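A.B. asks: give me coordinates for this.
(2 chains)
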Amino acid sequence: MENIFRFDFVENNDLLIVVGLIFSILVFATLLFFIVGKIKPSANLTELKARTKSWWMMATLFVVATIINTKISYIAIGMLSFIAFRELYSVLAFRDADRRAIFWAFIAIPIQYYLAYIGWYGAFIIFIPVVMFLFLPLRIVLKGDTNGIIKSISSLHWTLMLTVFGISHMAYLLSLPEIDGFKSGGRGLLLFLVFLTEINDVLQFTWGKLFGRHKIIPKISPNKTWEGFLGGLISTTIVGYFLAFLTPLSGFQIVFVSFMIAFSGFVGDIVMSSIKRDIGIKDMGNTIPGHGGVLDRIDSLAYTAPVFFHIVYYIAY
Amino acid sequence: MQKLVLNIIYSFLLRGFLKIIVGVKFSKADFLLEEEQFIIVANHNSHLDTMTILASLPSKITHKVKPVAAADHFGKTKLKEKLTNFFVNTLLIQRKRDKENPENDPINKMIKTLDDGYSLLIFPEGTRGEPEISQPLKPGVALVLLSRPKVKYVPAYMKGMGKAMPKSDNLILPYNSTLIYGEPTSIENVESEKILSQIQRDFIDLSNKL
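C.D. replies: Numbers count the residues shown, from 1 in each chain, chains lettered A, B, ... in the order given. Below you'll find the predicted structure:
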């Protein structure tokens, strides 16, 4: 049992505080929607309630998978990549001639996560954007069907980039070496990244709902407003500042990193929105009630994970 | 023995594989428990179709549903025939009718299997077609329904299977695909053409729900 479950996080107050915080927020949201629903039965809260319910599931899964044991975490994050990759490539209308290359792209997922697991930084960082990006076109070219080959190659590359390369940085956080005097380690960094990214999504959504007037990019995402964007940016940065104990960073650095997470989270969101708009679908699926597919939930992480990782890696490691 | 093997293969192994790796979304098939006997009528794009439908069935009735398959394809050798009959629980028929030899006639074979208490799984398109393009239906299923009008048919529609494993390629790739069931229906018409067009309409209705 000890190999499967590591309960040492119980002794690590920093992690415990944030886990407690996550579930307090969920309790608060659940109670809030319950009470508002009782007072104002006319208010349409079905979607918000479904979302909150799904958040309970996701938060529990995340805490179990990442805090309790790190070996399971690599597999869990890898599965996340796998499902997201499958969702995105399924709607991208690849040709039959691309199937062998897509097969190899699937094989790349466990390899990328294995590289993260053994902590081979050099290979991890070039495996997808160099090795796979050069190999996959060759596999497509060998099929000999040049009609639409540019679209196939670039779609496959971009799918790998969004769903595997970006997300796998979450796993590599867990393989970072220990630093003297920084107790929370990779798990703290991962918790910080995911919590801040998701709270940024929620805050931008909330600010936008409450005060949103001026649309920011109506052609891509009609619900995104300047008020939501700026409100989220500022409040996320403040939240990040108070969670600095999860990272080895100091005052100004943590403000910068939090700001960058909030900003790149927004970018990831609108990039995925524009892809969905091009294909003509609203959501990537209905795996998570109230949210859509898995990719609809982790679209911001595809941007925040590598941005956060490389800033922290540059500053602290 | 065969019941246990079929249960392990379909309700456990294949269901897990199709759900987690391939990414098939099943609609619930528990309502089939209420029917004594039925004929599942499904569109056909891939070898995965049979596997998916068998895996979607409640484990209690997995062994009671016989997929109808072409003898010239799956019964090429005695060994292949034995293996498919055991592991896929198939009813192998020939594609052409046989008036001189009633025991060998595909329609009679299907009716006899129904009389033995089994349910059937029929792909009236006959052979696997292009993904998401429907082909004209063959009349066999209508003839069977006409001679056993008390048996209901259950339309089933699958999308994406032909992308996960197309006819031209034996490599299975994960692909987000779906299986949905329609309502169990009794036939009202006495003409086989009308029954076929009713089934065709059921397929279109189901595909519009996806």
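A.B. asks: and residue B:71, how many neighbours?
C.D. replies: Counted with other Cβ atoms under 10 Å in any protein chain shown, the neighbours of residue B:71 add up to 18. Every residue, glycine included, has its C-beta placed from N, CA and C.
A.B. asks: which ones are touching the residue of chain B found nearest chain A?
C.D. replies: Proximity to chain A, evaluated over chain B using Cβ to the nearest Cβ, is greatest for residue B:176 at 4.0 Å. Going by Cβ atoms under 8 Å, 6 or more residues apart in numbering or on different chains, residue B:176 touches A:86-87, A:90-91, A:285, B:23, B:25, B:160.
A.B. asks: now, which of those sits nearest residue A:258?
C.D. replies: residue A:87 (28.9 Å; Cβ to Cβ).
A.B. asks: can you confirm that closest one is in a helix?
C.D. replies: Yes. Per DSSP: H, G, I helix; E, B strand; the rest coil, residue A:87 lies within a helix segment.
A.B. asks: state the distance from it to residue A:26.
C.D. replies: Distance, residue A:87 to residue A:26, using Cβ to Cβ, to the nearest Å: 25 Å.
A.B. asks: follow-up on the earlier one: any idea which element the residue lying closest to the residue of chain B closest to chain A once chain neighbours are set aside lies in?
C.D. replies: What sits nearest to residue B:176 in space, not counting adjacent residues and going by Cβ to Cβ, 6 or more residues apart in numbering or on different chains, is residue A:90, at 4.0 Å. In this assignment (DSSP states H and E), residue A:90 forms part of helix A:70-91.
A.B. asks: equivalent analysis for residue B:154, please.
C.D. replies: Per DSSP H and E: strand B:152-159 holds residue B:154.
A.B. asks: does anything pack onto that strand? Which helices or strands?
C.D. replies: With contacts taken as 3 or more Cβ pairs under 8 Å, 6 or more residues apart in numbering or on different chains; DSSP states H and E, strand B:152-159 sits against strand B:38-42, helix B:48-56, strand B:177-181, helix B:192-209.
A.B. asks: now for the contacts of residue B:176, which pair is the farthest apart?
C.D. replies: A:91 and B:25 (14.2 Å).
A.B. asks: so which bits of the stretch 51-200 of chain A are right by chain B?
C.D. replies: Proximity of the stretch 51-200 of chain A to chain B, by Cβ under 8 Å from any Cβ of the partner chain, involves residues A:82-83, A:86-87, A:89-91, A:96, A:99-100, A:102-103, A:106.
A.B. asks: mind running it again at 10 Å?
C.D. replies: A:79, A:82-83, A:85-91, A:93-94, A:96, A:98-100, A:102-103, A:105-106 (Cβ under 10 Å from any Cβ of the partner chain).
A.B. asks: got a list of what the residue in the stretch 201-317 of chain A that chain B sits nearest to touches?
C.D. replies: Across the stretch 201-317 of chain A, no residue is closer to chain B than residue A:285, which sits at 6.5 Å (Cβ to the nearest Cβ). By Cβ atoms under 10 Å, 6 or more residues apart in numbering or on different chains, residue A:285 lies in contact with A:83, A:86-87, A:90-91, A:291-296, B:23, B:25, B:176, B:178.
A.B. asks: change it to 6 Å
C.D. replies: Residues in contact with residue A:285 (Cβ atoms under 6 Å, 6 or more residues apart in numbering or on different chains) are A:87, A:293.
A.B. asks: what's the weakest-modelled helix or strand in chain B?
C.D. replies: Of all helical and strand segments in chain B, the minimum by mean pLDDT, DSSP states H and E falls on helix B:71-74, at a mean of 84.
A.B. asks: what parts of chain B come near chain A?
C.D. replies: For chain B, the residues in contact with chain A (Cβ under 6 Å from any Cβ of the partner chain) are B:23, B:169, B:173-176.
A.B. asks: quick one, phi/psi of residue A:144?
C.D. replies: phi 80, psi 0 (degrees, to the nearest 10).
A.B. asks: ok, residue B:149 next?
C.D. replies: Residue B:149 adopts backbone torsions of phi -70, psi -10, taken as degrees, to the nearest 10.
A.B. asks: and it, how many neighbours does it have?
C.D. replies: When neighbours are counted by other Cβ under 10 Å, residue B:149 registers 11.
A.B. asks: and the gap between it and residue B:39?
C.D. replies: 12 Å.
A.B. asks: what helix or strand is residue B:110 located in?
C.D. replies: Here residue B:110 is assigned to helix B:106-115, by DSSP H and E.
A.B. asks: for the most centrally placed residue in chain B, give me the pLDDT.
C.D. replies: The C-alpha lying nearest the average C-alpha coordinate of chain B belongs to residue B:121 (Cα atoms, centre = their mean; 3.1 Å). Here the pLDDT value assigned to residue B:121 is 95.
A.B. asks: just say helix, strand or coil for it.
C.D. replies: Relying on three-state DSSP, one would call residue B:121 strand.
A.B. asks: for burial, what's the neighbour tally of residue 28?
C.D. replies: Defaulting to chain A. 10.
A.B. asks: was after chain B, sorry
C.D. replies: So residue B:28, with other Cβ under 10 Å, has 10 neighbours.
A.B. asks: give me the phi and psi for it.
C.D. replies: Dihedral angles (degrees, to the nearest 10) for residue B:28: phi -60, psi 140.
A.B. asks: for it, which non-adjacent residue is closest in space?
C.D. replies: Looking at residue B:28 with Cβ to Cβ, 6+ apart, the closest residue is residue B:181, at 8.0 Å.
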